[in-house]
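> Using only what follows, build the 3D model:
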Amino acid sequence: MYWFVLVLAGLFEIAWAVGLKYTEGFTKLIPSVLTGTAMVISIVLLAYATKKLPLGTAYAVWTGIGAVGAVTLGIILFGESAQPLRLLCVGLIVVGILGLKLTA
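Next up, the predicted model:
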């Protein structure tokens, strides 16, 4: 249950990270409200997950999910670089997330 909540928190982190691009520096109302809402939900879910999961593990997994998702959506939505070395580094983050899950 707590791992599921943590993954959900990570998905909301992706949402707010990508949402930042659409706020245009928080000058657009609707994207700004949605991004702020996703931020709050993400933090609340992370806080809940840390009730039973180790803080360091939960935080690292949360930021890792957010980083991988933001890079992936940056490539898909914004045409950001998909160079092999960049993708390898993202893969290393995924390996780290899985390693933390397996050792928690």
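> drop to CA atoms for contacts and neighbour counts, all remaining ones
Will do.
> who touches the residue positioned nearest the centre of the chain in this structure?
In the chain, the residue lying closest to the centroid (Cα atoms, centre = their mean) is Gly66, at 1.6 Å. Applying Cα atoms under 8 Å, 6 or more residues apart in numbering, we find Gly66 in contact with 10-11, 13-14, 17.
> Now that we have those residues, which of them are buried?
10-11, 13-14, 17 (16 or more other Cα atoms under 10 Å).
> Now render those as TSV, adding secondary structure and pLDDT.
Shown next, in TSV, are those (DSSP: H, G, I helix; E, B strand; the rest coil; pLDDT from 0 to 100):
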residue	secondary structure	pLDDT
Gly10	helix	98
Leu11	helix	98
Glu13	helix	98
Ile14	helix	98
Ala17	helix	97
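> Looking at this protein, which helix is longest?
When the chain is parsed with DSSP state H, its longest helix is helix 55-78.
> quick one: average confidence on that helix?
When pLDDT is averaged along helix 55-78, the result is 97.
> Could you number the chain from 4 rather than 1 from now on?
Sure thing, new numbering starts at 4, so read that last one as helix 58-81.
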